[in-house]
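Mind looking at a prediction? Sequence and model below.
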Amino acid sequence: MKYVTGLRCRECGREYPVEPVYVCEFCFGPLEAVYDYTKIKKALSKRTIEKRPKTLWRYKELLPIDGEPQVGLSSGFTPLVRAENLAKYLGVKELYIKDDTTLHPTLSFKDRVVAVALTKAKEFSFDTVACASTGNLAHAVSAHGAKAGFKRFIFIPATLEHSKIIASIVYEPNLVAVDGNYDDVNRLCSEIANKYRWAFVNINIRPFYAEGSKTIGFEIVEQLGWQSPDSIVVPCASGSLLTKVWKALKEFKELGIIKNLKTKIYGAQATGCCPISTAFKLGTDVIRPVKPNTVAKSLAIGNPADGYYALQAVKESGGAMEDVSDDEIIDAIKLLAKTEGIFAETAGGVTLATYIKLLKEGNIDRKDCTVLCITGNGLKTSEVLYERTAEIYHIKPNLASFEEALKRINQKGR
């Protein structure tokens, strides 16, 4: 049964059929999937969801596909970890990590959005998929596209971390490294998408692709016993993830799956690329593009497509935006690793460092039930930690040499 009735412009409200289009031809506003919630309410309940396999597809009525899932059948339903050690360290009451560093095939939340996008590409009968990416999306499209039998074109900034390039090229897509930043890559891909009949997951398939991010919000609520938390901190690149987490909570409220929606949404950016955070602090809705300069390359989108909508979601929920330095990002990565045993990529460092800053500023109450969205695995960006980690003790293969090292270790209280 089909639950998506069409696409609607987020600016002027004009409606379009379910097709691979993403921009309103009248006002150039972005398009978004529209659902028949009355029909969904009859088909979806807590009990129905709980009986299904533990993947993102347990919420399939709220995802923009017409038939059954075809791609990414094992993605989603990642752990919600009670971060007791980190909470004690920070002096807060109830803290959770939504841990998308694990279980996903390519170890980031992008497996969610790609599962939806490529299922939709199958429904539209595309034979080639493509994307513009700062890394994680490239991995997911390369991997899931390979398994699904698509021809794949992956466009990345040429300066991307070597580990992220390897994590894409291993699947043998057509990998194209572009001289320029992500915004340059994305502009080029928009031109290519207009010429070739390819499914660009974050361009002409974007209205469907972006909906996959809602599953993070759905899972958080379910894993908290069908309750929404007080606060959720979300890293922002384009701003899409934050808007969709907020949309997920509102959809569950509309369907009666949760009775009360008390959650405040907080956006996290790196100071070296923080156009959304800057606009929030200035009290303006105008997102001024910037040239990225940060170690958090997965968030380095200087002209965020959903920046305005992320701002509106933050304001509607009563939350806030903050940004953090590269040093704060790296310190947060190490703090999360040593307290909870979770190795996050730089975007995760941004999330935790921003949470710490929001706590100090009094924006988030230390008694709140807070969820931090950690969206990718640290093995993807391990280069940023070179010469920034603990000392390695080199010894000779004898007991005396070890005991000499042990003295130094004990002196440091480790």
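In hand now; what should we look at?

which residues of the stretch 51-200 of the chain fall in strands?
Secondary structure of the stretch 51-200 of the chain by DSSP state E, counting those that start in this stretch: the strands cover 80-82, 94-99, 128-132, 151-157, 174-178, 199-200.

For the ones you listed, please prepare CSV with the additional fields distance to residue 23.
Every residue, glycine included, has its C-beta placed from N, CA and C. As requested, the strands of the stretch 51-200 of the chain are exported to CSV (distance: least, C-beta to C-beta, whole Å):
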stretch, distance to residue 23
strand 80-82, 36
strand 94-99, 31
strand 128-132, 16
strand 151-157, 19
strand 174-178, 22
strand 199-200, 12
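
for those, which one ends up most surrounded?
Of the strands of the stretch 51-200 of the chain, the one with the most neighbours on average (mean count of other C-beta atoms under 10 Å) is strand 199-200, at a mean of 28.

and that strand, what does it pack onto?
Helices and strands in packing contact with strand 199-200 are listed as helix 110-123, strand 128-132, helix 182-195; criterion 3 or more C-beta pairs under 8 Å, 6 or more residues apart in numbering; DSSP states H and E.

and among the ones you listed, the most buried is which?
helix 110-123 (a mean of 28).

Is it correct that residue 352 falls within a helix?
Yes: judged by DSSP: H, G, I helix; E, B strand; the rest coil, residue 352 forms part of a helix.

Now do the contacts for the spatially closest residue to it that is not a sequence neighbour.
For residue 352, ignoring the flanking residues on the chain, the nearest one in space by C-beta to C-beta, 6 or more residues apart in numbering is residue 332 at 4.0 Å. Residue 332 is in contact with 324, 348-353, 356, counting by C-beta atoms under 8 Å, 6 or more residues apart in numbering.

could you redo the last one with a cut-off of 10 Å?
Contacts for residue 332 were tallied using C-beta atoms under 10 Å, 6 or more residues apart in numbering; they are 324, 344, 346, 348-357, 372.

mind putting the helices and strands packed on strand 199-200 in TSV, mean pLDDT and distance to residue 44 included?
As requested, the helices and strands packed on strand 199-200 are exported to TSV (pLDDT from 0 to 100; distance: least, C-beta to C-beta, whole Å):
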stretch	mean pLDDT	distance to residue 44
helix 110-123	98	17
strand 128-132	98	29
helix 182-195	96	33
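
quick revisit: among the contacts of residue 332, which one sits closest to residue 273?
Checking the contacts of residue 332 against residue 273 by C-beta to C-beta gives residue 350 as the nearest, at 9.9 Å.

Tell me, how many residues neighbour the closest one?
By the other C-beta atoms under 10 Å criterion, the neighbourhood of residue 350 contains 36 residues.

Run through the stretch 301-414 of the chain and note the low-pLDDT ranges.
Applying pLDDT under 70 to the stretch 301-414 of the chain flags the ranges 414.

Show me where it has its helices.
Counting by DSSP state H, counting those that start in this stretch, the segments of the stretch 301-414 of the chain that form helices are 307-317, 326-340, 346-361, 399-411.

Buried residues of stretch 11-27, list them for me.
By neighbour count, with 16 or more other C-beta atoms under 10 Å as the criterion, the buried positions of stretch 11-27 are 16, 18, 20, 22-24.

got a list of what the spatially closest residue to residue 324 that is not a sequence neighbour touches?
Closest residue to residue 324 in three dimensions, ignoring its sequence neighbours and counting by C-beta to C-beta, 6+ apart: residue 353, at 4.0 Å. Contacts for residue 353 (C-beta under 10 Å, 6+ apart) come out as 268, 270-271, 296, 322-333, 335-336.

Buried members of those into ChimeraX, please.
Written as a ChimeraX command, the selection of buried residues from the contacts of residue 353, which uses 16+ other C-beta under 10 Å, is:
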select :268,270,271,296,322,323,324,326,328,329,330,331,332,333,335,336
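
sorry, back to before: out of the buried residues of stretch 11-27, which sit inside strands?
Mapping the buried residues of stretch 11-27 onto strands (DSSP state E) picks out residue 16.

List just the nearest of the buried residues of stretch 11-27 to residue 35.
Of all the buried residues of stretch 11-27, the one with the least separation from residue 35 (C-beta to C-beta) is residue 18, at 11.3 Å.
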